[in-house]
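Peer 1: no FASTA, just this:
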């Protein structure tokens, strides 16, 4: 490398930020190696961006090999220098092709496993077949669920990352009264709020694990338009701007005396906060006010019951029963079949992490889990009311990390 290029490479290092401390990465990898040992898996290859960020601290394109024992090897295609600057791992090597992974590992004295874990919940079929050929002597096993279960319980470092995102989510909500006016379109309000969020440091990209689901910031919808169903895995859909998106804000004008739903995700330094608040220009109908109050009562009940050891499916049934008893069974979490069968979801690096407060789920809560709890009522032709907060599972129940008032903000 020439002196000029070498100086350029050194100068580039100052452009990159290491977000995740090396000891944090070490603890995550050691925890994962314990999982591999328990499942008698000799090693795992991590390729998906969210999992790479969790275990390496970067999303640069590459392949992370985690042996059941010993040091991990991060083999990077692009960009090597940036990966070294952003990640606290010790072994970060250049690699031009995944076909060379076995030879690279062998050159480091790392034995190839007889049983290899891959993230089969998100891996495209062509990549799976490629790795079957590359590791032809190994039995391929799905390691995605154990990874998701590990990621479900957050460290203090991760909780603090989400706390910071929640502070900014509240600031975005607080900006709504400053911007909202009658006659503006839903998408106009969305654009102004999104610009404000970007100024605060919103990263823009919101990662989701569910295949072929995409979300741009979130949903802003007013009145009856918020009750329009869509394909997105959410109780709300919205008309959107065109059939290619089919969700979220539209060109509809915001009117007085209608509920305005602001359901936004704040993404900061790789971690997410999920947050729904209801606003209105003038009072909304008493029917909608009563429905919103019912959702707040459901939220408070779950916050008290969601102790470590509580079963997520049982919490969902509690919410369903309360909604039915209060007269909102038809519109709770959607008004058109097929409805979604959850009323809360985990979040962190991705928006749809474990645990899910959902029908039939048997996962027990643990302290350190994060839940976006979202009891909502959809009333066709009238709108959507309800609440969503990012909540931390503690020994005494759920602590809300999003603090903007839960009540309807009437302007």
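Peer 2: Thanks, I have it. Keep in mind it's a predicted model, so treat the numbers as computed, not measured. Numbering: from 1, shown residues only.

Peer 1: tell me which residue is most central in this protein.
Peer 2: residue 351 (1.6 Å; CA atoms, centre = their mean).

Peer 1: you'd agree that residue is up against residue 214?
Peer 2: No. Residue 351 lies out of contact with residue 214 (CB atoms under 8 Å); the separation is 10.5 Å. Just so you know, the C-beta spots here come from the backbone N, C-alpha and C atoms, and that holds for glycine as well.

Peer 1: quick revisit: which residues are in contact with the residue nearest to the centre of the chain?
Peer 2: 206-208, 215, 265, 272, 274, 345, 372 (CB atoms under 8 Å, 6 or more residues apart in numbering).

Peer 1: if you drop the residues flanking it in sequence, what lies closest to it?
Peer 2: Closest residue to residue 351 apart from its sequence neighbours, by CB to CB, 6 or more residues apart in numbering: residue 208 at 5.0 Å.

Peer 1: what's the longest helix in this structure?
Peer 2: helix 156-179 (DSSP state H).

Peer 1: need the residues that contact that helix.
Peer 2: Helix 156-179 is contacted from outside by 20-21, 24, 154, 189, 192-193, 196-197, 200-202, 260, 262, 264-275, 277, 279, 347-348, 368, 370, 390, 392, 401-404, 409, 411, using CB under 8 Å, 6+ apart.

Peer 1: looking at those, which are in helices?
Peer 2: Those of those lying in helices (DSSP H): 24, 189, 192-193, 196-197, 200.

Peer 1: nearest to residue 150 among the residues you listed?
Peer 2: Distance to residue 150 across the ones in helices among the contacts of helix 156-179 (CB to CB) is lowest for residue 24, with 13.2 Å.

Peer 1: gap between the nearest residue in space to that closest one that is not next to it in sequence and residue 37?
Peer 2: Nearest non-adjacent residue to residue 24, counting by CB to CB, 6+ apart: residue 157, 5.1 Å away. Distance of residue 157 to residue 37, given as CB to CB, to the nearest Å: 24 Å.

Peer 1: so which of the two has more stuff around it?
Peer 2: In this view residue 157 and residue 37 are compared by other CB atoms under 10 Å, and residue 157 has more residues nearby, 15 against 12.

Peer 1: if we can go back for a sec, around the residue nearest to residue 351, how many other residues sit close by?
Peer 2: 18.

Peer 1: surely it meets residue 350?
Peer 2: Yes. Here residue 208 reaches residue 350: they are 5.9 Å apart, a contact under CB under 8 Å.

Peer 1: what about the strands in the stretch 301-411 of the chain?
Peer 2: Here the stretch 301-411 of the chain has its strands, by DSSP state E, counting those that start in this stretch, at 342-346, 353-358, 370-373, 376-379, 383-386, 389-394, 397-400, 409-410.

Peer 1: please name the strands paired to the second one in the sheet, noting orientation.
Peer 2: Here strand 353-358 is paired, per DSSP bridges, with strand 342-346 (antiparallel).

Peer 1: ok, now the shortest one?
Peer 2: When sheet partners are counted by DSSP bridges, strand 409-410 sits next to strand 271-280 (parallel).

Peer 1: mark which of the contacts of helix 156-179 are buried, thanks.
Peer 2: Neighbour counting with 16 or more other CB atoms under 10 Å marks 20, 24, 154, 189, 192-193, 196-197, 200, 202, 260, 262, 264-268, 270-275, 277, 279, 347-348, 368, 370, 390, 392, 401-402, 404, 409 as buried within those.

Peer 1: ok, residue 302 - contacts?
Peer 2: Each residue near residue 302 by CB under 8 Å, 6+ apart is listed here: 315, 318-319, 344, 357, 373, 375, 398.

Peer 1: ok, now residue 79?
Peer 2: Counting by CB under 8 Å, 6+ apart, residue 79 makes contact with 60-61.

Peer 1: re earlier: columns pLDDT and neighbour count on top of the contacts of residue 302, output as CSV?
Peer 2: Converted to CSV, the contacts of residue 302 look like this (pLDDT from 0 to 100; neighbours: other CB atoms under 10 Å):
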residue, pLDDT, neighbour count
315, 98, 23
318, 98, 18
319, 98, 25
344, 98, 26
357, 98, 29
373, 98, 23
375, 98, 28
398, 97, 26
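
Peer 1: just these now: which is nearest residue 333?
Peer 2: residue 375 (7.6 Å).

Peer 1: surely the closest one is in contact with residue 323?
Peer 2: Yes. Between residue 375 and residue 323 there is a contact at 7.4 Å, judged by CB under 8 Å.

Peer 1: give me the common contacts of those two.
Peer 2: Common contacts of residue 375 and residue 323, defined by CB under 8 Å, 6+ apart, comprise 298, 332.

Peer 1: good, wrapping up.
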